[in-house]
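Engineer: pasting the structure only:
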């Protein structure tokens, strides 16, 4: 049985629980749009978590909006879906209902709570400037932090989190190296955001397509640097420069944006939450799509 999930803290926490409860022999990390575009082969015994629904899977968990670009699950599908702070919360509830006294599950309470906070961006300025514990760990497996690929690292963390405390996990040399990279690059990353970002009415736009080497950094820092913005649009190249990625998010400090980001991203083949989402754009249509996205974000306020 294979687990197919997303490489972030929500996917990681989901993986910790699912691999405890299902006979998983492999983990595949994918981008949600790869599921939407059906570019990943999904098998009948696959478990999908923190990803759009695919009718070929055997078990599915997700907490994002169901948009026009998504397949719709039938009544009585195996798994769980509803709008929630994290997919991991739904995975936890599903298995806890089956094993309410399982001590291995019950010890994950704080991990679930912190996954909710990070995935729903319910963060404080300290969580952004001086992150600790599970929030800090989450930044080390966020593709937008700029630390490169991390498949093996992700799978190692899955096993560690089943038995280790967060203090023990953060003390591991593999984890410490990533934390040190984030901290060492923070000043350079802030300078880069300042140079490559600009405010258009309520939208802070960051275009990183001219940057050859991206320093590691916390994606939420842009909201500290541009407090008047209530939403961000970050643009960068996809792998091999054969696509353009547009990532949109409500400010976590100025929570006045009216746009449903997931619905907006679904128009371009992507998706997400009400407050955050991404889409992958063909290079020849990226400029027009980005203009449309910007127009909507400004028009909605």
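Structural biologist: Looks like it arrived, so ask away. Since the structure is predicted, the reported quantities are computational estimates derived from the model, not experimental observations.
Engineer: tell me which element the nearest residue to residue 229 once chain neighbours are set aside is part of?
Structural biologist: Spatial nearest neighbour of residue 229, excluding adjacent residues (CB to CB, 6 or more residues apart in numbering): residue 204 at 3.8 Å. Where you see a C-beta, it was placed from the backbone N, CA and C, and this is true even at glycine. Element membership of residue 204, judged by DSSP states H and E, is strand 203-207.
Engineer: run the chain-centre distance for that strand.
Structural biologist: What separates the centre of strand 203-207 from the centre of its chain is 19 Å, taken as CA atoms, centre = their mean, to the nearest Å.
Engineer: buried residues in that strand?
Structural biologist: Within strand 203-207, the residues scored as buried using 16 or more other CB atoms under 10 Å are 203, 204, 205, 206.
Engineer: ok, stretch 239-254 next?
Structural biologist: Across stretch 239-254, burial judged by 16+ other CB under 10 Å covers 244, 245, 246, 247, 248, 249, 250, 251, 252, 253.
Engineer: beta partners for the closest residue in space to residue 226 that isn't next to it in sequence?
Structural biologist: Leaving aside its sequence neighbours, residue 226 sits nearest to residue 204 (CB to CB, 6+ apart; 4.2 Å). Beta-bridge partners of residue 204, counted by DSSP bridges, are residue 199, residue 232.
Engineer: thought residue 204 was touching residue 193?
Structural biologist: No: using CB atoms under 8 Å, residue 204 makes no contact with residue 193, being 9.0 Å away.
Engineer: re earlier: from the buried residues of stretch 239-254, which ones fall inside strands?
Structural biologist: Judged by DSSP state E, the subset of the buried residues of stretch 239-254 located in strands is 244, 245, 246, 247, 248, 249, 250.
Engineer: those residues: which two are farthest apart?
Structural biologist: Farthest-apart pair in those is 244 and 250; separation 21.3 Å (CB to CB).
Engineer: mind listing what residue 268 touches?
Structural biologist: By CB atoms under 8 Å, 6 or more residues apart in numbering, the contact set of residue 268 is 246, 279, 281, 289, 293.
Engineer: what's the farthest-apart pair in those residues?
Structural biologist: Comparing every pair within the contacts of residue 268 by CB to CB identifies 281 and 293 as the most remote, at 9.4 Å.
Engineer: now the ones in strands among the buried residues of stretch 239-254 as a markdown table including distance to residue 224 and pLDDT?
Structural biologist: Listed next are these as a markdown table, based on distance: CB to CB, whole Å; pLDDT from 0 to 100:
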| residue | distance to residue 224 | pLDDT |
| --- | --- | --- |
| 244 | 26 | 95 |
| 245 | 22 | 94 |
| 246 | 22 | 95 |
| 247 | 17 | 94 |
| 248 | 18 | 96 |
| 249 | 14 | 94 |
| 250 | 15 | 96 |
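Engineer: from those residues, which is closest to residue 184?
Structural biologist: Of these, the one sitting nearest to residue 184 (CB to CB) turns out to be residue 247, at 23.9 Å.
Engineer: thought residue 238 was touching that closest one, still the case?
Structural biologist: No: counting by CB under 8 Å, residue 247 sits too far from residue 238 to count as a contact (11.3 Å).
Engineer: can you pull out the helices in the stretch 201-301 of the chain?
Structural biologist: With DSSP state H, counting those that start in this stretch as the criterion, the stretch 201-301 of the chain has helices at 221-225, 261-266, 286-300.
Engineer: point out the most buried one among these.
Structural biologist: Highest mean neighbour count among the helices of the stretch 201-301 of the chain (mean count of other CB atoms under 10 Å): helix 261-266, with a mean of 23.
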